[in-house]
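K.L.:
Show me how the following folds:
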Amino acid sequence: MEFDEMKKIWDTQKEEYVFTHNQSALHNHVVVKQKQGLHITNISEWLMIAVNVLVPVYLLASMLPGEINISFTILSGWMLVTAAFISNGRYKRISGNSRFDRTLRGDLQFAIDVAQYQVKLAALGRWSIVPIGLLSLTALIEADKPLWIAAMVVVSLFLANYAAGWESGIYRARLHQLEGLMKKLDEEV
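P.N.:
Next comes the predicted model:
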């Protein structure tokens, strides 16, 4: 064999090793992103469920000895329905986890699925601020509370909306990053 032929064979083998090594590193990166997304999603779901159950329980319990505030009652119903909706979404998400194979492509699709769910969950939380805010303000007016309390609630809701938008942007960026990775993977194959 001539030197050029040997070099060509060696370069080909070297490229295969680098591709295998890079593919393994990419797969590990995808699995880390997937686990990070699952961890954040679990915490977000449990926090949202807890808040949407505990606040209505507190509101309803605080109304028992006295007068019933219709806005707080409607707000409690809204929050309990939201908690049920999130619990149902959690059940569907967890039961669907086994449908992905544990290959690079399967784990990447699983990570994308989790990121899409995070975006939807963040949007639900952000849009829930509107009815919660309106019902809270209505309840404060019904209870003849001072105007400064209503102003604090409005400021708190604007801050919560800003934070929810920031959180949603992080999840959308992660989703776009994972979708871009899938697109590159599809182009190479």
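
K.L.:
Counting neighbours, which bits of the helix or strand containing Gly77 end up buried?
P.N.:
Using DSSP states H and E, Gly77 maps to helix 70-95. Using 16 or more other CB atoms under 10 Å as the test for burial, helix 70-95 gives 71-73, 75-76, 78-80, 82-83, 86, 89-90, 93. All C-beta atoms are positioned from the backbone trio N, CA, C, and that covers glycine.

K.L.:
and Leu121, what element?
P.N.:
Using DSSP H and E, Leu121 falls within helix 104-142.

K.L.:
List the buried residues of that helix.
P.N.:
For helix 104-142, the buried set under the neighbour-count rule, 16+ other CB under 10 Å, comprises 104, 107-115, 117-119, 121-122, 125-126, 128-129, 132-133, 135-140.

K.L.:
mean confidence score for it?
P.N.:
On average, the pLDDT along helix 104-142 is 90.

K.L.:
Please pull up the helix or strand immediately following it.
P.N.:
Toward the C-terminal end, the helix or strand that comes next after helix 104-142 (DSSP H and E) is helix 147-188.

K.L.:
Against which helices or strands is that following helix packed?
P.N.:
If you count contacts as 3 or more CB pairs under 8 Å, 6 or more residues apart in numbering; DSSP states H and E, helix 147-188 packs onto helix 3-63, helix 104-142.
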